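In: model this:
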Amino acid sequence: MKKVSVAIPAYNQAHFIRQALDSVLAQDYPNLEVIVSDNASTDNTTEVVQPYLSDSRVRYYRNPVNLGMIGNFKKALYEHSTGELAQHLDGDDYLTDPHYISEAVDMIERNGLIMVFGRTRSFYERDHTLVSDKVNSDLPAVMDGNWLFLNYHKGYSLTSLSVVHDRKRAMEVGFYDYNIRSTDWENLLKLIIGRKVGFINRFVGVWRRHGSSATFKQDLDLDLQNVAYIDSPYRYALSIGAFPPETLQRWRRRMLKRYFVQIIVRALLMNNRPNEQAIMNYLKANEKDVYRSILLDPRFTALRASILWSRPLTYLVFKHVLKQESFIKDYEYIPGA
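Out: Numbers count the residues shown, from 1 in each chain. I've put the predicted structure just below:
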């Protein structure tokens with residue numbers, strides 16, 4: 001029976017980590033280790049975790065200095081974990097299905113999978129609401145990782161808290177090599193190339209969203225750095241000859257279009273017209289094909305117009321047409337959000 005290492009990196013999450021730990025320890029899979037990697041917290045995380053150490057499955061490590069988010073993630077996976085399989089659960093997230101890990105491991109072993117993932121919900125701290133996006137609901141139980149990779153631009157989403165994966169292979173492809181916002185996508189897109197992937201079509205966990213539109217500031221430099229979640233898997237797939245170069249080039253253009261439309265829409269929702277213009281200028285100078293594709297897409301034109309003219313209409317479009325309520329809820333000044 002394969003051991004599963006559930007890594008819980010934490011920094012000042014004393015208020016939430018008890019729920020994360022309880023949710024993992026409630027899993028019915030018998031061969032678990034739970035790794036808490038405390039990134040030099042300044043709150044009482046140590047005291048909250050201490051009672052759990054009487055359970056032989058739980059181990060607690062405290063970094064003497066803060067390693068940064070990605071440094072802590074990497075230390076938890078590469079140095080502290082010992083299982084053949086691994087799962088990443090932030091200290092403020094939690095699992096909701098006590099059978100999930102058992103079922104995921106069973107699928108991996110029966111089908112020779114590199115990983116299994118499920119659906120997740122978002123919990124909004126500001127108004128204590130739980131939102132279930134409709135993404136991934138049409139995926140098969142077992143799929144070719146190359147198919148998921150090439151179709152990822154269509155709106156599929158891999159959320160790390162639900163992913164149970166092969167730990168050795170994750171280290172081989174270079175998990176946490178980039179300090180970017182979408183490090184989980186960068187990791188997992190590399191991992192699935194050339195492998196089979198499993199999907200459990202039910203909600204298995206919740207990831208917590210903090211703050212509000214007032215604190216969710218758009219940083220253009222970070223947005224541009226985050227393009228690495230596309231370019232790194234692109235270069236990796238190119239280096240191993242996973243797909244013909246022209247196929248990968250087309251994939252990269254589609255992924256960039258999806259990504260930049262999202263951050264342009266975010267700028268518009270935040271009434272940040274200078275950032276919208278800066279993004280378009282960047283694309284015009286550096287990604288001309290993507291720039292033209294966005295500019296000439298009637299769907300983007302219509303969405304942009306709805307944001308500028310009628311934010312309540314935009315909310316309805318996201319919630320009922322695009323099935324992406326959580327994206328729009330990040331901006332609470334929109335009526336109805």
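In: show me the shaky parts of this structure.
Out: 127, 132-134, 211-218, 310-337 (pLDDT under 70).
In: could you pull out the strands for it?
Out: Using DSSP state E, the strands assigned to the chain run over residues 4-10, 32-38, 58-62, 85-88, 94-95, 115-124, 129-131, 142-144, 164-166, 196-209.
In: so for residue 246, which of these sits nearest?
Out: Taking C-beta to C-beta, strand 142-144 is the member of those nearest to residue 246, at 19.7 Å. C-beta: built from backbone N, CA, C; applies to glycine.
In: the closest one: which residues count as buried?
Out: Going by neighbour count (16 or more other C-beta atoms under 10 Å), the buried part of strand 142-144 is residue 143.
In: strands paired with it, and their directions?
Out: Paired with strand 142-144 in the same sheet, following DSSP bridges, are strand 196-209 (antiparallel).
In: and the partner strand, how far out from the chain middle?
Out: 11 Å (C-alpha atoms, centre = their mean, to the nearest Å).
In: do the same with stretch 254-271
Out: 17 Å.
In: how about that stretch: buried residues?
Out: Result for stretch 254-271 [16+ other C-beta under 10 Å]: buried residues 254-257, 259-261, 263-270.
In: and stretch 231-250, by the same measure?
Out: Result for stretch 231-250 [16+ other C-beta under 10 Å]: buried residues 232, 233, 234, 236, 237, 242, 243, 248.
In: hey, where'd the helices end up in the stretch 1-150 of the chain?
Out: 17-25, 45-49, 68-75, 100-111, 145-150 (DSSP state H, counting those that start in this stretch).
In: would you turn these into CSV with distance to residue 36 and mean neighbour count?
Out: CSV is the format used below for the helices of the stretch 1-150 of the chain (distance: least, C-beta to C-beta, whole Å; neighbours: other C-beta atoms under 10 Å):
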stretch, distance to residue 36, mean neighbour count
helix 17-25, 7, 20
helix 45-49, 5, 18
helix 68-75, 11, 18
helix 100-111, 17, 19
helix 145-150, 30, 20
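In: of the ones you listed, which is nearest residue 129?
Out: helix 17-25 (16.8 Å).
In: contacts for the closest one, please.
Out: Residues external to helix 17-25 that are found in contact with it (C-beta atoms under 8 Å, 6 or more residues apart in numbering): 6, 8, 10, 13, 32, 34, 36, 45, 48-49, 52, 55, 57-58, 89-96, 205.
In: quick one: the most centrally placed residue in the chain from residue 246, how far?
Out: When C-alpha atoms, centre = their mean is applied to the chain, the residue found nearest the centroid is residue 159 (3.8 Å). Counting by C-beta to C-beta, to the nearest Å, the gap from residue 159 to residue 246 is 31 Å.
In: kindly list the longest helix within this structure.
Out: For the chain, the longest helix by residue count, based on DSSP state H, is helix 245-269.
In: show me what that helix is packed up against.
Out: Under the contact definition 3 or more C-beta pairs under 8 Å, 6 or more residues apart in numbering; DSSP states H and E, helix 245-269 sits against helix 145-150, helix 228-239, helix 273-286, helix 288-295, helix 298-309.
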